[in-house]
Each structure stands twice: as structure tokens, then as C-alpha cells.
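K.L.:
got a predicted structure plus its sequence, pasted below:
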Amino acid sequence: MNTEPLRALRLRTPRLELRLASGDELEELFRVAEAGIHPPEEMPFAIAWTDDLQRDAFIEFHRAKLETWSPEDWHLQLIVFLDGRPIGDQGMRAERFGERRHVVTGSWLGRRFQGQGLGTEMRTAALELAFRGLGALTAESGALEGNVASARVSEKLGYRQTGTSHVSPRGVPVPHSDLLLERERWDPPHPVEIEHLEPALPLFGVS
Ligand SMILES: CC(C)(COP(=O)(O)OP(=O)(O)OC[C@H]1O[C@@H](n2cnc3c(N)ncnc32)[C@H](O)[C@@H]1OP(=O)(O)O)[C@@H](O)C(=O)NCCC(=O)NCCS
């Protein structure tokens, strides 16, 4: 599948730019991840990928998302740039988006960039792409028990809890809040510019 149109896509918030990254930028992002995303005794992710950080696997993860892209099943892994440098990752995925109009998001920031409102800004960018750019009806997120920052970002942006599930990133079940944001409740806290989306729309299953 020709995913080249995705390379031009840009989301801009007051402080951030979100877009796909070059190979060198992914290397730099890997070093941000290596420097730490969370305290080692905590695990905010459903899959404990930060317990075994490998450069090649990290780069391959991003490459494979484009390689296996399909309008029926896509996974957009936007890299978050602050002052031109990569600081984190804002992912968004969907299956049969054209019919379901439903997206699932996930994200992380290097530790030194957390707690300054940037997580809220990047999620807002993803939600603007979903609701305004692509015509989504619902957006899903979640937070493992104890992940106050992630849960707070969702709360601020209007998500409601629809249930509790369990995940076992380190072999022990941990409660996970299932969160949903409906289009009618979406009220972006700041403007987001979306550039060069039009040529990429068919890749998302949107005609
Ligand atoms: C989740 C994450 C992306 C959020 O980004 P961020 O830039 O830290 O978030 P923000 O600064 O925009 O907002 C965090 C909110 O949580 C609050 N918060 C954070 N830690 C808190 C704590 N221990 N107690 C109470 N509130 C807390 C902040 O005060 C802020 O709320 P406010 O704006 O009402 O004050 C980031 O923290 C991160 O990468 N964490 C590690 C990876 C992760 O958890 N990813 C998500 C997996 S689902």
C-alpha cells in the first residue's frame, strides 16, 4: 500500500508538531525512551515494552505499522516534536473505520517532558484529527490503575468510564479503566491545525 501521503500529514498545536518521523528522528526518539518514560517500579502500559527496550525492535515497530497499513486496519504512530526534536509518541488506530467511526489512542512522553500540559496537547491533536479531520464518532482510551496523569488527561478532555477490564503487563492482573469520548462531548481546549490530510483520506477508509 502506498502510504506516502501520510508523510506530509501535520498536526500543529500551540507548542507541538505531530507527524511521521525520519529514520534518524526515530533513533533520537529511541534515546528519549531509553532515558526513561516511567519509574522502573511502575508499568503504565498494557504491554510491558519498556521492560525490554531494544533499538531494532523499536524502529521495526514504527516501520511495520506503515508496512502493514490498510484502510480496514490502520495504526498511525505520530511522533511528537517540541522545538523540532522528538519527545514522544501519539498513536491512534482503527479497524473498519469507514463503518465504525471509532478510534483507539495511546501515547507516551519522555519523563522530562511530562507534567507540563504537553500530554493533553498531543491527545487534543489526535482527537481533532479523529473527530474533525476524519469524522469519528467515538474515541477510546484507557488507564491502568495508578496512572493518574493519563486518567487526568482523559478526564479533562471529557471521556467517561464505560467499564473496567484487566491487563497483565508483568504477569499480574491490573485493573484498567475503559474510557470513551463521544463526538458530542468533544470540545477542544485549544486550536489544532491539520495540514495535508485530504490526499491521505482514502488511507483511513474515508471517501
Ligand atoms: C500520560 C502522559 C502522556 C500524560 O502527559 P503529561 O504531559 O504528563 O500530562 P499533562 O501535563 O498534560 O496532564 C497531566 C495531568 O495529570 C495530573 N497529574 C499528574 N500526576 C499526578 C499525580 N501524581 N497526582 C495528581 N495529579 C497528577 C497533572 O496535574 C495534570 O492535570 P491538571 O492539568 O489538571 O493539573 C505522560 O504522563 C506519560 O507519558 N506517562 C508515561 C506513559 C503513559 O502513562 N502513557 C499512557 C499509557 S495509557
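P.N.:
In hand now; what should we look at?
K.L.:
what about whichever residue of the chain sits closest to the ligand, how many residues nearby?
P.N.:
With CB to the nearest ligand atom, the shortest gap between the chain and the ligand falls at residue 119, namely 1.8 Å. Heads up, the C-betas are built off the backbone N, CA and C, glycines and all. As a burial measure, residue 119 scores 22 neighbours (other CB atoms under 10 Å).
K.L.:
the closest residue to it other than its chain neighbours: what's it in contact with?
P.N.:
Excluding its sequence neighbours, the residue lying closest to residue 119 (CB to CB, 6 or more residues apart in numbering) is residue 153, at 5.1 Å. Applying CB atoms under 8 Å, 6 or more residues apart in numbering to residue 153 gives the contacts 119-120, 123.
K.L.:
do the same with residue 17
P.N.:
10-11, 80-81, 84.
K.L.:
and it, what are its phi and psi?
P.N.:
Here is the backbone geometry of residue 17 (degrees, to the nearest 10): phi -120, psi 130.
K.L.:
that one pairs with what?
P.N.:
Beta-bridge pairing for residue 17 (DSSP bridges): residue 12, residue 81.
K.L.:
model confidence score at it, please.
P.N.:
Note for residue 17: predicted pLDDT of 98.
K.L.:
could you do residue 207 as well?
P.N.:
83.
K.L.:
what's the burial count for it?
P.N.:
7.
K.L.:
roughly how far apart are it and residue 99?
P.N.:
In this view, residue 207 and residue 99 are 12 Å apart by CB to CB, to the nearest Å.
K.L.:
distance between stretch 148-162 and the chain's centre?
P.N.:
14 Å (CA atoms, centre = their mean, to the nearest Å).
K.L.:
that one: end-to-end distance?
P.N.:
Its first and final residues considered, stretch 148-162 spans 17 Å by CA to CA, to the nearest Å.
K.L.:
how about the residues of the chain by the ligand?
P.N.:
Residues of the chain lying close to the ligand (CB under 6 Å from any ligand atom) are 37-38, 44-45, 106-109, 114-120, 143, 147-150, 152-153, 156.
K.L.:
residue 70 pairs with what?
P.N.:
Here residue 70, judged by DSSP bridges, has bridge partners residue 73.
K.L.:
got the confidence number for it?
P.N.:
Residue 70 is assigned 98 on the pLDDT scale.
K.L.:
need the contact list for residue 59.
P.N.:
23, 26-27, 30.
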